[in-house]
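Test case, fold it:
(chains A and B)
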Amino acid sequence: MKAMTSESVQKEKEIILKGIPASPGIAIGPVFLFQKQAPVVEERSILNEDVDREVARLEQAVARSHRELGKILEFAQKKLGDDKVKIFEAQLMILEDSVLFGAIYSRIRKELKNAEYVVQDEIGKYHRLMAASKDEYTRERAHDVEDARNRMLRNLQEQKLISRLEGSSVIVSSYLTAADAMILSRNEVLAYATDIGGITSHTALLSRALKIPAVVGLRNVSHVAHDADRVILDGYSGTVILNPSEENVKRYETKRDRYHEFEARLAGLRELPAETLDGRRVELSVNVEFEQELEFIKIQGSDGIGLYRSEYLLVGKEVFPSEEEQYQQYRLLAETMYPKRVIIRTFDIGGDKVMLDPVKENNPFLGWRGIRVMLDKPELFIEQLRAILRASTRKNVAMMFPMISSIKEVRRAKKLLEEAKRQLRKENVSFDSRIKIGVMVEVPSAAVTAEDLAEEVSFLSIGTNDLIQYLLAVDRGNDIVSDLYQEFHPAVIRFLRRIIERGKQKDVWVGMCGEMAGDPLATLLLLGLGLDEFSVVPNVLPEIKKIIRSVKYADARKIANKALTMQTEDEVKDYLKAVMKKKFPDIPID
Amino acid sequence: MVQREVTIKNRAGLHTRPAASLVKLAARYKADFLIDKDGFEINGKSIIGVMTLAAEQGAKLVLRFSGEDEQAACNAVVDLFESGFDEQ
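Have a look, this model is predicted:
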């Protein structure tokens, strides 16, 4: 007989799922599978003399449903405050829709059918139309309609509502209506995980309001999870791990601690705008690639994504990603960030980045890269443009072109964009027809002709990393000269002022996505030069916001004007360091 | 019967809040109120009907009023649309 050893004990397989991060936080605990039974509806004929009783039955069910919702609303108001209560308004209004019920009662009388059947059928018509809508918002509202219908059917059948659970758990369900999420939250809910639903779904909104971590759009979590399975839910990245390894549990416990620390730094600042003491509001967004997880909390304090480096989709790939693959990624991005704006930069490849073909260039930095590559490969470019357009239906997506050196490139790119739009219109695919376009200003020729470029686009984004290299003729990667790469070189500062002023003249906003935007030493200078948008590495967001909120724009302008008169970067840096030391002694400046 | 065409100004379209305002306003008048979007017609006094419209920003709707106070109803409802339902 074989002895039982610990190795022969079967371990549950670890399953890793990816969804849309809906509410930040990390939860580790047991699964509670919340499965709602859709009420079973039978079609029955009724007699003429039973009509009044049938109508009365329905009236009672509606009254019960009304009371139920009233209780949920009251609970929601206590826990969440007045404005979140609006989420339940749609259902309440449906219950009070006299046209709808007029039709239902009339059908009961005319067709002599039971109330369940008529309610199911009549509301079903509206539900079907809404669920099939091209508009995302309407599809979400279809859930409200379904919930109202199910609530009435449940009350007609006099079934009770499940709401009490044992202990604390991660609720896993195919979908949670606002009412469900609300009621369940009376228990100790660690997190919510659902198969369907987007970032504006009620589950997402309520979870954030209740400060319970949540991930939606997991597609099949309710099918693969079992009751009491151990699960890790990462509401920052949208990752859900069923039956995690001990290694993963440790990883996530550490992550949880790290985020608590970040949250402490961000505390209080998160919902506040990046606005100076004298009311100048700038946009503070983040630079993102999908290599980093879309860390929700770091983005929460921001006004959106100022730079999404799409070429990261190419990393490790042999072939160019298809339009569909790209679309899925861009859509996920737009969904996750909605209603905040996402700026997608079209593929910036070549040079020191990902190479498309193994082309041998003597000087790739001044060679075939950026927009030049994509304009030479119009079929590939149009695919990307199509994917971006398709992902823009929420109207929170903008695009920008890298390494623009001439207005001709902008015009050619715009022509290809028009072609992509034409194709999509023909195929009856929806997109944001007014999608905004911008260009990276990183090549000096673009900086010098910024006023012309500004007539072709809606915004300019300054890419200081490359701009400074081109301008000062310094390769950052070359150790011998790398310390000549100076953000505060007078030429750089004057160049920046020029770009910003020309942009303003032509009424386009000017932002910056280069590293300089995230350098606390540069913040006051950039603010004073009139920069409209700072797109930074997520980690520095709290500090930059703090600086902006602590000064007057009038003072920042004085600082910038003074810096503009200096002749060496050392003078400028010493000056700024002195200012920072005085105003912000606890922000580390090197 | 009076008829007017309106365009939706709100960025988020005819979502729940403006839909509710519309239905509440229409209920004050006796006149029947129908909304036509590209040939699809619903009763403008029914919230579930209006929700089904899925009217986005820029959508053109034809409003039809018939009844004794049809002109007053029309004016009030059109005003509501033109004001963008008082949303920023």
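
what about residue 36, is that helix, strand or coil?
Unless you meant another one, I'm taking chain A. coil (DSSP: H, G, I helix; E, B strand; the rest coil).

think we crossed wires, I meant chain B
strand.

Then B:Glu68?
coil.

Over to B:Arg4?
strand.

who's it bridged to?
B:Leu63 (DSSP bridges).

Do I have it right that it meets B:Cys74?
Yes: if you go by CB atoms under 8 Å, B:Arg4 and B:Cys74 touch, sitting 5.9 Å apart. Backbone N, C-alpha and C define where each C-beta goes, glycine included.

And these two? Which one has more around it.
B:Cys74 (20 against 14; other CB atoms under 10 Å in any protein chain shown).

residue contacts, that one?
Counting by CB atoms under 8 Å, 6 or more residues apart in numbering or on different chains, B:Cys74 makes contact with B:2, B:4, B:31, B:63, B:65.

Tell me how far the residue of the stretch 101-250 of chain A found nearest chain B lies from A:Gly19.
Proximity of the stretch 101-250 of chain A to chain B (CB to the nearest CB) peaks at A:Thr138, 3.8 Å away. Applying CB to CB, to the nearest Å, the value for A:Thr138 to A:Gly19 is 22 Å.

So which of the two has more stuff around it?
A:Gly19 (27 against 22).

Excluding chain neighbours, what is closest to that one?
A:Leu218 (3.7 Å; CB to CB, 6 or more residues apart in numbering or on different chains).

picking up where we left off before, which neighbours do B:Arg4 and B:Cys74 share?
Listed contacts common to B:Arg4 and B:Cys74 are B:Leu63; contacts here mean CB under 8 Å, 6+ apart.

and the closest residue to the residue of the stretch 101-250 of chain A closest to chain B other than its chain neighbours, how many neighbours?
Nearest residue to A:Thr138, sequence neighbours excluded (CB to CB, 6+ apart): B:Ala54, at 3.8 Å. By the criterion of other CB under 10 Å, B:Ala54 has 24 neighbours.

Quick check: pLDDT value at B:Ala54.
Per-residue pLDDT puts B:Ala54 at 83.

list the contacts for it?
A:130, A:133-135, A:137-138, B:13-14.

Also A:Phe32?
A:165, A:169-172, A:227.

Please enumerate the strands of chain B.
In chain B, the strands defined using DSSP state E lie at B:2-7, B:32-37, B:40-43, B:60-66.

Then the stretch 201-350 of chain A?
Under the criterion DSSP state E, counting those that start in this stretch, the stretch 201-350 of chain A carries strands at the ranges A:214-216, A:230-234, A:239-242, A:283-288, A:304-309, A:341-345.

what's the burial count for A:Ala413?
24.

so it sits in a strand?
No: counting by three-state DSSP, A:Ala413 is not part of a strand but helix.

how near is it to chain B?
26 Å (CB to the nearest CB, to the nearest Å).

what sits against that residue?
A:346, A:371, A:374-375, A:381, A:401.

go with 7 Å
A:371, A:375, A:401 (CB atoms under 7 Å, 6 or more residues apart in numbering or on different chains).

what about the second one, how many neighbours?
The reference is to A:Leu375. Residues lying near A:Leu375 (other CB under 10 Å) number 15.

buried stuff in the helix or strand hosting it?
Element membership for A:Leu375 (DSSP states H and E) is helix A:371-376. Across helix A:371-376, burial judged by 16 or more other CB atoms under 10 Å in any protein chain shown covers A:371-374.

Now that A:Lys534 has come up, it's in contact with A:Ile544, right?
No Lys there; residue A:534 is Phe. Yes: with contacts counted by CB atoms under 7 Å, A:Phe534 reaches A:Ile544, the gap being 6.1 Å.

So for the two, which residue has more residues nearby?
Comparing A:Phe534 with A:Ile544 by other CB under 10 Å, the one with more neighbours is A:Phe534, at 29 against 25.

Does that one lie in a helix or a strand, and which?
Applying DSSP H and E, one finds A:Phe534 within strand A:533-536.

Which residue ranges make up each domain of chain A?
What automatic domain parsing lists as the domains of chain A is A:12-37+A:163-261, A:48-156, A:281-583.

Mean pLDDT for those - can I get that in CSV?
As requested, those are exported to CSV (pLDDT from 0 to 100):
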stretch, mean pLDDT
domain A:12-37+A:163-261, 86
domain A:48-156, 88
domain A:281-583, 90
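
Can I get the helix holding A:Leu375 in PDB? Just the C-alpha atoms.
What follows is helix A:371-376, C-alpha atoms only, in PDB (Å, rounded to 0.1, in the frame of the first residue of the first chain):
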ATOM      1  CA  ILE A 371       6.100  59.300 -37.700                       C
ATOM      2  CA  ARG A 372       8.500  58.700 -40.600                       C
ATOM      3  CA  VAL A 373       8.200  54.900 -40.300                       C
ATOM      4  CA  MET A 374       4.400  55.000 -40.100                       C
ATOM      5  CA  LEU A 375       4.100  57.300 -43.100                       C
ATOM      6  CA  ASP A 376       6.200  54.900 -45.000                       C
END
